[in-house]
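Peer 1: 3D, please:
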Amino acid sequence: IKCEYENARNVLEVALANGINIPNLCYCESLSTYGGCRLCVIENERGGVEAACTMVPKDGMKVCTNSAKLREFRRGIIELLLDSHRSECTTCLKSGTCKLQEYAKRYGVEQSRNDGYCKEPIDNSSYSIVRDPSKCILCGKCVRACSEIQNVKAIDFVERGDETYVACGFNGMKLADTNCTGCGQCAAICPTGAITIKNNVSDVWKAIHDEGKKVAVEIAPAVRVGLAREFGIPAAQPVIGKIVTALRLLGVDYVFDTSACAYQTIIEEAEEFKARDKKQKLPMLSSYCPAWVKHVECEHPELKGSLTTAGSPMEICAAIVRQKFTDDNLVSVAVMSCTAAKMEAERPELVKDGKKLVDIVLTTQELAAMIREYGMTFSALPDTPCDNFFEQVTGNKCTPPVALKIDPEKCIGCSKCARCCPVGA
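Peer 2: Next up is the predicted model:
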């Protein structure tokens, strides 16, 4: 096959861009080249075996990406990786999306000794991330993502040779003891189940099935797009009504849209900015993102005074829910697209009168898992409106949210509310 390329870093990128699927585990186009897994091996013109991710492409170069020699080579690598990976595929959260599992099936590797995996204990100290060293294949993606993309450097390789493993430092340091922001990029890029997002689905089911509890759920704006993608629905198709219906079927009592509280965050930040004088810290930095707040606290404490005191939309929505429903038996659940929200819900300043504003935080994938567990066909669900005062979202003409004082008779749904209403609504 003749392949054309432009600005490709290596042969692997050329192959992938031309529809040739060379197996790889440690490569990512957004990260530096590592060349650790050696699964992307190809044959050069002289019959030598090289890693495609480190081979620089040249005009007229001829390579072989699939041969009996390469197949046996890759099978041997997969067997070695499986030997250093604790296999529990039937119960692993990554089952079905695990790249190692995919390649083992692709190359017919059915058995391994499976006794050489890392014996370091599971680290579940973080509210957002769970690390299982026994499933780590040392691809280094998480280390590079944390260092090169996030600039946090909370994890790295420790020890040498066959004693190497990924950790938060020496002396048994846990993830919760580091400057980890809970962003979840390490879990998103991990090809196996070595790093996953902490799962709180069982906590929500327990609250739903408790007859003495009332469950209120708030839904972040980005969740509807992610959930549509999970169930094969075009991103442009509105699915908030289907999400509400699904939550009602699951047994949730109240469903609110966090979008309305984004207005309140904007208004509070604008008011605070106007109130700040030259003696106060400027420029003013948003506190909207919990991962950003944690990063400032750990890496740039000199900027803490520049952070706005306004709460995030999740916090504001949860506070209003607590004010509306003062029942001690209310369980507040937030469905967020950001894993750092799990950590945000546990911050001590968000505990009011001994109660957390948000009891449980789910990710989009966790809600999708609950819907699949229930057995409903999401795309076929009818639309159900959210509960009253969180109903309006940008561009809709309907009941005004509590964050804005809007005359619904004058509103034309132009979405300029937070800036300048053209009709005096």
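Peer 1: List the contacts of stretch 191-203.
Peer 2: If you take Cβ atoms under 8 Å, 6 or more residues apart in numbering as the criterion, stretch 191-203 is touched by 25, 85, 92-95, 98-101, 124, 126-133, 135-137, 139, 141-142, 166, 184, 186-187, 190, 339, 342, 360-363, 365-366, 369-370. To be clear about C-beta, it is placed using only N, CA and C from the backbone, and glycine gets the same treatment.
Peer 1: Going by neighbour count, which residues of stretch 80-90 are buried?
Peer 2: 81-82, 84-87 (16 or more other Cβ atoms under 10 Å).
Peer 1: and it, how far apart are its ends?
Peer 2: 21 Å (Cα to Cα, to the nearest Å).
Peer 1: quick one: it to chain centroid distance?
Peer 2: Here the centre of stretch 80-90 is set off from its chain's centre by 24 Å, with Cα atoms, centre = their mean, to the nearest Å.
Peer 1: Over to stretch 17-35?
Peer 2: Worked out by Cα atoms, centre = their mean, stretch 17-35 lies 21 Å from the chain centre.
Peer 1: One more: stretch 38-46?
Peer 2: For stretch 38-46, the distance to the chain centre is 34 Å (Cα atoms, centre = their mean).
Peer 1: buried sites along that stretch?
Peer 2: 38-43.
Peer 1: before we move on, back to that, buried subset of the contacts of stretch 191-203?
Peer 2: 25, 85, 92-94, 98-101, 126-133, 135-137, 139, 141-142, 166, 184, 186-187, 190, 339, 342, 360-363, 365-366, 369-370.
Peer 1: just the helices in this protein please.
Peer 2: Counting by DSSP state H, one finds helices in the chain at the ranges 11-17, 68-83, 99-106, 141-144, 185-189, 201-209, 221-230, 240-250, 259-275, 290-299, 313-324, 340-344, 364-374.
Peer 1: Quick one: these as TSV, columns for mean pLDDT and distance to residue 54 too.
Peer 2: Below are the helices of the chain laid out as TSV (pLDDT from 0 to 100; distance: least, Cβ to Cβ, whole Å):
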stretch	mean pLDDT	distance to residue 54
helix 11-17	93	9
helix 68-83	92	15
helix 99-106	94	19
helix 141-144	95	15
helix 185-189	95	19
helix 201-209	96	41
helix 221-230	92	33
helix 240-250	95	45
helix 259-275	85	45
helix 290-299	92	32
helix 313-324	90	43
helix 340-344	94	34
helix 364-374	96	33
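Peer 1: Out of those, the one nearest residue 356 is which?
Peer 2: In terms of Cβ to Cβ, the element of the helices of the chain nearest to residue 356 is helix 313-324, at 8.4 Å.
Peer 1: Using PDB, write out the CA atom coordinates for that closest one.
Peer 2: C-alpha atoms of helix 313-324 as PDB (Å, rounded to 0.1, in the frame of the first residue of the first chain):
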ATOM      1  CA  PRO A 313     -22.800  25.700  39.400                       C
ATOM      2  CA  MET A 314     -22.800  22.300  41.200                       C
ATOM      3  CA  GLU A 315     -22.300  24.000  44.600                       C
ATOM      4  CA  ILE A 316     -25.000  26.600  43.900                       C
ATOM      5  CA  CYS A 317     -27.500  24.100  42.600                       C
ATOM      6  CA  ALA A 318     -26.900  21.800  45.600                       C
ATOM      7  CA  ALA A 319     -27.200  24.800  48.100                       C
ATOM      8  CA  ILE A 320     -30.600  25.800  46.600                       C
ATOM      9  CA  VAL A 321     -31.800  22.200  46.700                       C
ATOM     10  CA  ARG A 322     -30.800  22.000  50.400                       C
ATOM     11  CA  GLN A 323     -32.700  25.200  51.000                       C
ATOM     12  CA  LYS A 324     -35.800  24.000  49.200                       C
END
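Peer 1: With that, I have no additional questions.
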